[in-house]
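# Here you go, sequence then predicted model.
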Amino acid sequence: MDALVERLHAICDAQPFRTSWYLKDLATGREADRDGDVPVPSASVRKTSIMMAALRAVHEGRLRLDEPCTIEARLQKDVMSGTYRYMTPGCVIPLRDAIVNMIITSDNVCTQIVLERLDTEALNAWCRGIGMAHTRHGPKIPPLGLAYDHPVEQTAFTTPRDQGLLLDLILRGAQGDAAAAAERLGCSEALCRLGLDILTWQQHRTMIPALLPYATKVANKTGRGRRGRMDAGIVFRGERPAYLLAAFTDFVPETMPDGLPGHAAAFATIARLSRACWEAIGA
């Protein structure tokens, strides 16, 4: 782990932007981080916690996965991610499919549908209650026109360690750890498995999975913010969880010194972090 951590720091140090991360070797339980407790904009990585809070409400009988949800024109206004912004208003899908699209295409029409069925303050209290002490949900979707150097408090924020904790709880719950599933997440084992499955259906594969062998199983949620790109996920070897990585780039320049887009460097940095973990853990 020490040699791996040194390699991860070197990958980050080579870039002119900030990169923070949290890593857990899921076989040994060893952990490491780089600014793992420093709050950063969460962007769409926060949707994993929204999904699990919604599944908790399903477990408690306050929501139903088959509840019909209507795609409304008002929900399509100012939306910058996903596919349902282009669909004909009036389309009806079940809540389950809204949750799925919120995660796998980061659809912000579907995100609003889910969030309108949750109370934001209750969602924040739930995050704190499971141990995500430095995570806060704000507006349903990010406001347009955010400045490049906007304060972290102006939108939703989290930390790499908070996201790692959440993913670890989902995994343990899906594997039958009743304490993780019931006492902390408030979900059944079956709903934890559903949450984990949904994360493995992720369509955006430009970061944690990008440099891994084709068809590697990864349960992850990506994010795109004004200040950077981010990804948090669990990487498997076959069906065995190998490592958990949450990585956030911040203050990524529009254009890098070599003239290439900053977002491409952010993608590549997180992909290289994951590749280094793949080569060092569980091989």
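Structure received. Numbering: from 1, shown residues only.

# CA atoms for contacts and neighbours, from now on please.
Will do.

# Output stretch 59-78 in CSV with nothing but the alpha carbons.
Output of stretch 59-78 as CSV, limited to C-alpha atoms (Å, rounded to 0.1, in the frame of the first residue of the first chain):
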residue,chain,number,x,y,z
HIS,A,59,-38.1,0.1,2.4
GLU,A,60,-40.2,2.1,4.9
GLY,A,61,-43.2,2.1,2.6
ARG,A,62,-43.2,5.9,1.9
LEU,A,63,-42.4,5.4,-1.8
ARG,A,64,-43.1,2.6,-4.3
LEU,A,65,-40.7,1.6,-7.1
ASP,A,66,-43.6,1.1,-9.4
GLU,A,67,-45.0,4.6,-8.7
PRO,A,68,-45.7,6.3,-12.0
CYS,A,69,-43.7,9.5,-12.7
THR,A,70,-44.5,11.9,-15.5
ILE,A,71,-41.8,13.7,-17.5
GLU,A,72,-42.9,17.3,-17.4
ALA,A,73,-41.7,20.3,-19.4
ARG,A,74,-41.0,22.2,-16.2
LEU,A,75,-38.5,19.6,-15.2
GLN,A,76,-36.7,19.9,-18.6
LYS,A,77,-35.9,23.6,-18.2
ASP,A,78,-32.2,24.4,-17.7
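
# Distance from that stretch to the middle of the chain?
20 Å (CA atoms, centre = their mean, to the nearest Å).

# Would you agree Ala133 falls within a strand?
No: Ala133 is assigned coil when assessed by DSSP: H, G, I helix; E, B strand; the rest coil, not a strand.

# And the pLDDT for it?
Looking at Ala133, its pLDDT stands at 96.

# Same check on Ala182?
Ala182 is given a pLDDT of 64.
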